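Student: how does the following fold in three dimensions:
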Amino acid sequence: MVTAAMLRFLARLIAVLCAIAFVFLTVGAVFVFALGTRFLQAGTYASALSREQFYAKVPGIVADLVVHGSKVVPAASRGAEGDAVAMVAQLTPSDWDSLFGAAAPPDYLQQQTESALDQYFAYLHSEEAVPTIQISLAELRKNLVSPRAEQAYLAMLATKPPCTPQQLQESGGLPVGCQPPADQLPRVREMFRSAMRQAADQIPDKVNLLEHAAVAGGHTPLEVTIQTRHVLVRIEYWAAWSPAVPGALLLLIALCGVRSLRGLLLWWGIPCFLAGIATALLALPSVPLARWLFSAMIVPSLPAHVPAVAVDALFGAITAPLEEILIHALETGGGLAAGGLACMIVARFCRKAAAAAPAAPAFRPAP
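Tutor: Below you'll find the model as predicted:
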């Protein structure tokens, strides 16, 4: 025969098991919720790139790629394009910052990048058959022929040593590594303006980043996106409901183990505190550990001709969204730990208040 004591023991056992399951499932739910609800949001990547100062690094990345390209490609096989690459390779990082910044300043790069991100993730949440990601190049065209670009070019030349006649001839009248004589500056300026006008005329006002991405044949990034976007959106939907499982366990704990307000605070406070601490301990070192592993194990094994600046910037752009997601998980874990600690503190005060309360006078019947 089942007694009341046995039922109480069984209820307490169920509450303890639910509390243990709550700790483990809550840690998983926090990461699933953070990843699932932010992985397909443009704001995650926009905020991560901005925090990494990625747009200010673009000139250095381009310069590093050009310099390494000029070293890897043999001089005999360069041709006209290779000669241009070799000429551009003479630019120093400060030259790139001024010239590239005049044509495509960081705020322009950020605006177009965030616009592309908004269009891409809006497509993922829509029913359109094929994504269209258009960026505007009108401001780039305008900047190329603006006085600001010419002034940046002249300021760069002012920092170079004087040109020899041979250098001026080899440059085709448009030097980048030396300063032309004063009597040649008007001609150099006119040639620079002409070159910029030709470059601007070849650039369209808008470009669709995916118009040349072939879907037929191999598994291109565009094809993979089209095939998997509904699965990703479904995962995002269910990830938003992941906190419902720990919430249900808290209700079971309250039904099976709670007999007072102090008991409720303890039964909920201790598991929440443990789950929050475990989440924080897992989220806090994840990104620094990934960066250390990349720097210590992957970078040294890369070929010597791989540009380190570009690789480091690319790795930062990849890990920054992950860091953004882990920061949210860390904040959630910290909130759980703080809430659980607050519940335990309040429960301790409830115990003291109950102990200090005067006992009710015993009822004695009149004689």
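Student: show me the shaky parts of the stretch 101-250 of the chain.
Tutor: Along the stretch 101-250 of the chain, segments meeting pLDDT under 70 span 211-224.
Student: in it, which spans are strands?
Tutor: For the stretch 101-250 of the chain, the strands defined by DSSP state E, counting those that start in this stretch cover 134-136, 206-208.
Student: just the helices in the stretch 101-250 of the chain please.
Tutor: Along the stretch 101-250 of the chain, counting by DSSP state H, counting those that start in this stretch, helices occupy 106-124, 138-144, 147-158, 165-170, 185-201, 221-240, 244-257.
Student: deepest in the core, which of the strands of the stretch 101-250 of the chain is it.
Tutor: strand 134-136 (a mean of 15; mean count of other C-beta atoms under 10 Å). Every C-beta, even on glycine, is put in place using the N, C-alpha and C of the backbone.
Student: now that one: how far from the chain's centre is it?
Tutor: Here the centre of strand 134-136 is set off from its chain's centre by 21 Å, with C-alpha atoms, centre = their mean, to the nearest Å.
Student: flag every buried residue along stretch 146-162.
Tutor: Buried residues in stretch 146-162, counted by 16 or more other C-beta atoms under 10 Å: 146, 149, 150, 152, 153, 156, 157, 160.
Student: pick the one among those residues closest to residue 327.
Tutor: Of all these, residue 152 has the smallest distance to residue 327: 37.3 Å, by C-beta to C-beta.
Student: excluding its backbone neighbours, what's nearest the closest one?
Tutor: Leaving out its chain neighbours, the residue that sits closest to residue 152 by C-beta to C-beta, 6 or more residues apart in numbering is residue 102, at 4.0 Å.
Student: show me the contacts for the most centrally placed residue in the chain.
Tutor: Nearest to the geometric centre of the chain sits residue 321, at 2.3 Å (C-alpha atoms, centre = their mean). Going by C-beta atoms under 8 Å, 6 or more residues apart in numbering, residue 321 touches 39, 44, 45, 48.
Student: between the buried residues of stretch 146-162, which is nearest residue 335?
Tutor: Nearest to residue 335, judged by C-beta to C-beta, of the buried residues of stretch 146-162 is residue 152 at 48.5 Å.
Student: I'd say that closest one and residue 98 touch.
Tutor: Yes. With contact defined as C-beta atoms under 8 Å, residue 152 counts as touching residue 98 (4.6 Å).
Student: specify the local secondary structure of the residue nearest to the centre of the chain.
Tutor: Following DSSP: H, G, I helix; E, B strand; the rest coil, residue 321 is assigned to helix.
Student: now do the one 3 residues further on
Tutor: For residue 324, the secondary structure call by three-state DSSP comes out as helix.
Student: wait, what's in contact with it?
Tutor: 38, 44, 45, 47, 48, 51.
Student: okay, the residues you listed in JSON lines with pLDDT next?
Tutor: Shown next, in JSON lines, are these (pLDDT from 0 to 100):
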{"residue": "38", "pLDDT": "89"}
{"residue": "44", "pLDDT": "89"}
{"residue": "45", "pLDDT": "90"}
{"residue": "47", "pLDDT": "89"}
{"residue": "48", "pLDDT": "86"}
{"residue": "51", "pLDDT": "85"}
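Student: next, format those as a markdown table and append distance to residue 65, neighbour count and secondary structure.
Tutor: Converted to a markdown table, those look like this (distance: C-beta to C-beta, whole Å; neighbours: other C-beta atoms under 10 Å; DSSP: H, G, I helix; E, B strand; the rest coil):
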| residue | distance to residue 65 | neighbour count | secondary structure |
| --- | --- | --- | --- |
| 38 | 30 | 20 | helix |
| 44 | 27 | 22 | helix |
| 45 | 22 | 20 | helix |
| 47 | 26 | 17 | helix |
| 48 | 22 | 21 | helix |
| 51 | 23 | 13 | helix |
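Student: could those residues go into JSON lines alongside distance to residue 140?
Tutor: What follows is those, written out as JSON lines (distance: C-beta to C-beta, whole Å):
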{"residue": "38", "distance to residue 140": "31"}
{"residue": "44", "distance to residue 140": "27"}
{"residue": "45", "distance to residue 140": "22"}
{"residue": "47", "distance to residue 140": "24"}
{"residue": "48", "distance to residue 140": "24"}
{"residue": "51", "distance to residue 140": "25"}
